[in-house]
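For reference, the sequence and a predicted model appear below.
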Amino acid sequence: MLAAWWLAVVGLPVFTQSLPESPGEPAALAISTGRVSLRMPCFSLVCADAEWLPPTRYTQLQRPTVPGTLPRLRPSRPSPLATRRYTQLYSPASRREWVTNEGNDWRIDTGYGFEAIRTPDTSLRLELATGYRLQPYVDYGTAAVGPIARGGLQLSQSLGERTRLTQQVQVETGRANTFVRQTIGVDVALDPKWSLRSDVEMRHDSAADGGNGETDTEGSVKVRYAF
């Protein structure tokens with residue numbers, strides 16, 4: 001019974017007629033022997049003006065095939081999903097903490113600093129350090145040679161569109177005394193080329209005046225013109 005069904009199927013005209021690729025033999029025989037492939041033909045479009053276009057890594061001009069040569073491997077275009085950026089905004093952020101190592105003729109120290117506040121209108125930076133003083137009083141330091149501890153504060157605050165307040169505090173303490181330096185400044189933009197700058201500086205030495213401490217104060221007001 002199965003043989004009869006097989007003969008009925010093979011005997012259909014579509015299997016007994018010949019194919020254009022293998023004339024003179026039935027289609028079933030040509031397919032079974034591999035002389036005719038059932039794969040669909042693959043067609044490709046060729047740009048006639050390709051020689052006038054700038055070459056890219058994905059462009060390959062059509063060249064005559066030399067017998068016995070293998071086709072060159074071309075890099076595949078990456079998937080759009082693999083190279084897609086999920087956001088179009090990118091802003092590299094600077095570090096908000098740092099470590100400093102300083103050495104000179106009057107002081108050697110190592111410090112750590114961090115930015116506590118960072119906004120378009122306000123900036124606050126703090127620094128702490130320990131070291132060894134080699135020369136007294138140089139660079140607003142203490143009065144004796146020996147180990148020291150240092151601290152600093154830097155504040156910048158916008159007071160409107162034209163005014164900015166800045167404050168800087170520097171403290172150093174050692175074996176003999178503590179020295180504090182504080183500077184407060186106000187900058188006012190009067191014009192695109194004119195600006196007014198004023199500052200007050202206070203310096204306090206706890207060992208001055210026989211150990212009672214002394215504070216010196218000075219200020220300045222400057223008008224600046226940008227050429």
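Arrived safely.

Could you measure from the closest residue to residue 134 other than its chain neighbours over to residue 162?
In space, and not counting its chain neighbours, residue 134 is closest to residue 106: 5.3 Å by Cβ to Cβ, 6 or more residues apart in numbering. Every residue, glycine included, has its C-beta placed from N, CA and C. According to Cβ to Cβ, to the nearest Å, residue 106 stands 40 Å off from residue 162.

I'd guessed the residue nearest to residue 134 sits against residue 142; true?
No. The pair residue 106 / residue 142 is not scored as a contact, 10.8 Å apart, by Cβ atoms under 8 Å.

Find the residues that touch each one of those two.
residue 133 (Cβ atoms under 8 Å, 6 or more residues apart in numbering).

Can you classify the nearest residue to residue 116 once chain neighbours are set aside by secondary structure?
Excluding the flanking residues, the one nearest residue 116 by Cβ to Cβ, 6+ apart is residue 124, at 4.7 Å. Secondary structure for residue 124, judged by DSSP: H, G, I helix; E, B strand; the rest coil, is strand.

Number of residues surrounding residue 124?
16 (other Cβ atoms under 10 Å).

Test my guess that residue 100 contacts residue 111.
Yes. Residue 100 sits in contact with residue 111 when judged by Cβ under 8 Å, with a separation of 4.5 Å.

With neighbour numbers in mind, choose between the two.
residue 111 (17 against 11).

nearest residue to the more buried one other than its sequence neighbours?
residue 129 (2.9 Å).

any idea which element the one you found lies in?
strand 122-133 (DSSP states H and E).

The next helix or strand after that strand pairs with which strands?
Remark: after strand 122-133, the chain's next helix or strand is strand 146-158, criterion DSSP H and E. Taking DSSP bridges as the criterion, strand 146-158 forms sheet pairs with strand 122-133 (antiparallel), strand 163-173 (antiparallel).

Now render the ones you listed as TSV, adding distance to residue 217.
Converted to TSV, the strands paired with strand 146-158 look like this (distance: least, Cβ to Cβ, whole Å):
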stretch	distance to residue 217
strand 122-133	24
strand 163-173	15
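
of all the ones you listed, which lies closest to residue 214?
Ranking these by proximity to residue 214 (Cβ to Cβ) places strand 163-173 first, at 16.0 Å.
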